[in-house]
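1. Build me a structure from this.
(one chain, ligands or ions: 1)
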Amino acid sequence: MTYKGKKINKIYSSAEGYDLWASHYDKTLSFLDSLEGNALNLALRCVEGKKVLDLGCGTGRGIKHLYDFKAAEVCGVDVSKKMLEIAKKKFKNTEFVLADSEKLPFEDESFDVVTGLFLIVHLGDLRKTFDEAYRVLKNGGVFILSNINQRKPPKLKIYNDEVIIDSFYHMPKHVIEALEASFFEIESDELVYEDGIWINQIIKAVKKA
Ligand SMILES: C[S@@+](CC[C@H](N)C(=O)[O-])C[C@H]1O[C@@H](n2cnc3c(N)ncnc32)[C@H](O)[C@@H]1O
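-> Numbers count the residues shown, from 1 in each chain. Okay, the predicted model is just below:
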């Protein structure tokens with residue numbers, strides 16, 4: 001099989017790939033933090049006292065941010081069982097659910113805020129997840145997401161194997177268009193730059209009745 005011009009054995013789904021990568025993942029946390037800049041901190045101010053759903057929560061990097069910003073209640077969702085196992089050990093008072101962001105097992109209008117940090121790079125069809133985020137948000141609820149500028153998925157070295165997890169590049173304007181098509185109103189849309197190149201997009205979108 002070839003992928004982006006190179007010979008590889010397999011492209012892993014997020015569930016399979018992150019299960020394999022889970023025990024290595026926390027080595028990347030400070031690097032991921034460094035890609036968010038102040039834009040995320042500004043967006044996260046609104047979570048104080050709120051009930052928050054973190055989509056693609058992984059090992060809980062974003063959940064730590066949510067508690068730092070005084071979220072009242074947090075629920076984390078991920079497709080990787082192993083990532084969730086690590087998150088569960090860190091946050092005892094938090095509900096974790098093994099589920100796909102494209103089909104959420106929650107009632108309509110059950111959260112004040114939905115977050116998705118470094119998630120959409122793994123989504124081929126943004127609208128499925130954005131429609132679900134809209135559905136589970138209360139009116140006036142906020143969706144905070146990031147969009148890493150990653151044209152090619154990294155090869156993750158796991159012992160002697162190289163693992164590539166299925167990934168998608170999303171141009172910033174296409175993410176905004178997809179959010180608007182899912183009926184969100186954009187409150188802020190910030191690009192984080194490094195050496196004159198955008199490295200991450202931080203968006204705060206609102207569900208207006
Ligand atoms: C790059 S990690 C980000 C983890 C965490 N949000 C963070 O910022 O550190 C992406 C996570 O999204 C999860 N994921 C990918 N596709 C998903 C989907 N459709 N539904 C739920 N989780 C998903 C992966 O399993 C992985 O844990």
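
2. which secondary structure element contains L44?
-> Following DSSP states H and E, one finds L44 within helix 37-44.

3. Quick one: residues contacting H24.
-> L156, I158 (CB atoms under 8 Å, 6 or more residues apart in numbering). (Each C-beta comes from the backbone N, C-alpha and C, glycine too.)

4. ok, back up a step: C-terminal to the helix holding L44, what's the next element?
-> From helix 37-44 onward toward the C-terminus, using DSSP H and E, the following helix or strand is strand 51-55.

5. Next, the angle helix 37-44 makes with the very next helix or strand once past that next one.
-> Later in the chain than strand 51-55, the nearest helix or strand by DSSP H and E is helix 61-68. Using axes from the mean of the first three to the mean of the last three CA atoms, to 10 degrees, the direction of helix 61-68 lies 60 degrees away from that of helix 37-44.

6. Identify each buried residue in helix 61-68, please.
-> R61, G62, I63, K64, H65, L66, Y67 (16 or more other CB atoms under 10 Å).

7. same check, this time on stretch 147-164
-> Counting neighbours by 16+ other CB under 10 Å, stretch 147-164 gives N147, I148, N149, P153, L156, V163, I164 as buried.

8. what about the helix holding L44, distance to the chain center?
-> In terms of CA atoms, centre = their mean, to the nearest Å, the centre of helix 37-44 is set 15 Å apart from its chain centre.

9. wait, does stretch 196-205 make contact with the ligand?
-> No. Contact of stretch 196-205 with the ligand (CB under 6 Å from any ligand atom) is absent, the minimum separation being 10.9 Å.

10. swap that for stretch 56-66, sorry
-> Yes. Using CB under 6 Å from any ligand atom, stretch 56-66 reaches the ligand at G56, C57, G58, R61, G62.

11. Could you identify the most distant pair in these?
-> For the residues of stretch 56-66 next to the ligand, the maximum inter-member distance is 10.5 Å, found between G56 and R61 (CB to CB).

12. hey, what's in contact with both of those two?
-> In contact with both G56 and R61: L117, using CB under 8 Å, 6+ apart.

13. Would you map the helices across this structure?
-> Using DSSP state H, the helices found in the chain span residues 14-25, 29-34, 37-44, 61-68, 81-90, 126-136, 172-181.

14. could you give the angle of the last one to helix 126-136?
-> Between the axes of helix 172-181 and helix 126-136, defined by the same axes, to 10 degrees, the angle is 40 degrees.

15. buried residues in helix 172-181?
-> Quick answer for helix 172-181 (16+ other CB under 10 Å): V175, I176, A178, L179.
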